[in-house]
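Peer 1: make a model of this:
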Amino acid sequence: MDWLEITVTTAPAGIEEVAAALTAAGFDDLLIEDQTEFEAFLEQNRACWDYIDEDLQKKLEGLSQIKLYLESTDTAGMTRLESLLAKLRQKGNLGALEMTAVPLPQTDWEESWKDNYPPQPIGQNLVVLPYWLAEQTDGRLPIILDPGLTFGTGAHPSTQMVMEAMEKLPLSGKDCLDLGSGSGILSIAALRLGAKEAIGIDIDPKAEDIARCNAEYNGFGSPEFTALTGNVLSDKALISRLSQKTYDLLLVNIVADVIIALCPVLPGLLKDTGTLICSGILDTRLTDVLSALKGAGFTVTQIHEKEDWRCICAKG
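Peer 2: Numbering: from 1, shown residues only. Alright, predicted model coming up:
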């Protein structure tokens, strides 16, 4: 089946109205590319990240357009689209509404996305594998994920540094608490490296099911792995449950502001002989995080660097 990728140029002020009109007319699966909306989204969610992909920002610079897809033989659909755009142009203020159509190369779309997830060797002994390549371990300890579920696939330097730091620790029989666990990748890595138990906490309820699913791919279920949803800063029931014991390994791979906010809570969760690993820290925020950790009574033992990111290992 041959497809066309159709691009409709708009104006920032009119892109939502055009998208709504297209949807109402039966044109689904729209891809909106708009610099103004992107920047507004970033501003409204500033606390969620310290770093934005510069390549993505450059790609969206000056853009305001909508992409949609039609079968190349769908002449009726193309006629409906052209007619709709002609009506919308009469309103004005919606942009040029110029339309271009480009044939897409024939490919197996249902399978081609998997090409983006090859095995990822990490450190000396670990390899992150999508579930369809689960046997391609090359002698390494496998961490098997469903990357289609997102929430962390091991490609980011901050995650890789945590895994590399964990490799150097004696984890056999240890307990791990993973705050901001996402896909569960770090909890699974800890179990692969010999930990007796791992608990993954994430504020997003979707992450709980995803992490549990990924753990099952690796053969880990209860009581080895537990996935929970909650905010360690405000969920009193969760805090009470976690505080019933202390942990040998405490992982916090989030962003600097969240790590800083968590610092007063972390000492009560870590054993006296335990290790804290914090990552997701941009080099420009390293001093802030180090200051917060020191204020909470931690002693920094190592700082790892990869690209613009920093990972801190500390003792209580």
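
Peer 1: ok, and what's touching stretch 20-36?
Peer 2: By CB atoms under 8 Å, 6 or more residues apart in numbering, the surrounding residues in contact with stretch 20-36 are 8, 10, 12, 15, 19, 59-69, 77, 80-81, 84, 88. Where you see a C-beta, it was placed from the backbone N, CA and C, and this is true even at glycine.

Peer 1: buried sites along that stretch?
Peer 2: 21-22, 27, 32-34 (16 or more other CB atoms under 10 Å).

Peer 1: would you turn those residues into CSV with distance to V162 and secondary structure?
Peer 2: Formatted as CSV, the buried residues of stretch 20-36 follow (distance: CB to CB, whole Å; DSSP: H, G, I helix; E, B strand; the rest coil):
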residue, distance to V162, secondary structure
A21, 46, helix
L22, 43, helix
F27, 43, coil
I32, 34, strand
E33, 33, strand
D34, 35, strand
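
Peer 1: secondary structure class of the nearest residue to V162 once chain neighbours are set aside, three-state.
Peer 2: Nearest residue to V162, sequence neighbours excluded (CB to CB, 6 or more residues apart in numbering): S279, at 4.8 Å. Under DSSP: H, G, I helix; E, B strand; the rest coil, the three-state class of S279 is strand.

Peer 1: give me the neighbour count for S279.
Peer 2: S279: 28 surrounding residues under other CB atoms under 10 Å.

Peer 1: hey, what's it bridged with?
Peer 2: Beta bridges link S279 to N253, judged by DSSP bridges.

Peer 1: distance of it from T159?
Peer 2: 7 Å (CB to CB, to the nearest Å).

Peer 1: hey, what's in contact with both of these two?
Peer 2: Contacts common to S279 and T159, judged by CB under 8 Å, 6+ apart, are N253.

Peer 1: out of the contacts of stretch 20-36, which are buried?
Peer 2: With burial judged by 16+ other CB under 10 Å, the buried subset of the contacts of stretch 20-36 is 8, 10, 15, 19, 60, 63-66, 68-69, 77, 81, 84, 88.

Peer 1: from the residues you listed, pick the one nearest G274.
Peer 2: Minimum distance to G274 across the buried ones among the contacts of stretch 20-36 is 43.2 Å, recorded for L60 (CB to CB).

Peer 1: now the strands: where do they sit in the stretch 151-300 of the chain?
Peer 2: Applying DSSP state E, counting those that start in this stretch to the stretch 151-300 of the chain gives strands spanning 175-179, 197-202, 225-229, 247-253, 270-282, 299-306.

Peer 1: buried ones in the longest one?
Peer 2: When neighbours are counted by 16+ other CB under 10 Å, the buried residues of strand 270-282 are found to be 270, 274-282.

Peer 1: which of the residues you listed lies closest to P119?
Peer 2: S279 (21.9 Å).

Peer 1: that closest one and K294, how far apart?
Peer 2: Noted for S279: a distance of 18 Å to K294, by CB to CB.

Peer 1: I'd say the residue nearest to V162 and V255 touch.
Peer 2: No - at 9.8 Å, S279 does not count as touching V255 under the criterion of CB atoms under 8 Å.

Peer 1: scan this structure for its longest helix.
Peer 2: Looking across the chain with DSSP state H, the single longest helix is helix 75-89.

Peer 1: angle of the helix or strand just after that one against helix 75-89?
Peer 2: Of the helices and strands lying after helix 75-89 in sequence (DSSP states H and E), the nearest is strand 99-103. Per axes from the mean of the first three to the mean of the last three CA atoms, to 10 degrees, the angle that strand 99-103 makes with helix 75-89 is 150 degrees.

Peer 1: which elements pack onto strand 99-103?
Peer 2: Under the contact criterion of 3 or more CB pairs under 8 Å, 6 or more residues apart in numbering; DSSP states H and E, strand 99-103 touches strand 3-9, helix 75-89.

Peer 1: quick one: strands adjacent to it?
Peer 2: When sheet partners are counted by DSSP bridges, strand 99-103 sits next to strand 3-9 (antiparallel).

Peer 1: what pLDDT, on average, does the strand it pairs with get?
Peer 2: Over the span of strand 3-9, the pLDDT mean works out to 94.

Peer 1: stretch 299-306 now?
Peer 2: Mean predicted confidence for stretch 299-306 is 97.

Peer 1: stretch 74-91 too?
Peer 2: The average pLDDT for stretch 74-91 rounds to 95.

Peer 1: list the buried residues of it.
Peer 2: Using 16+ other CB under 10 Å as the test for burial, stretch 74-91 gives 77-78, 81, 84-85, 88.
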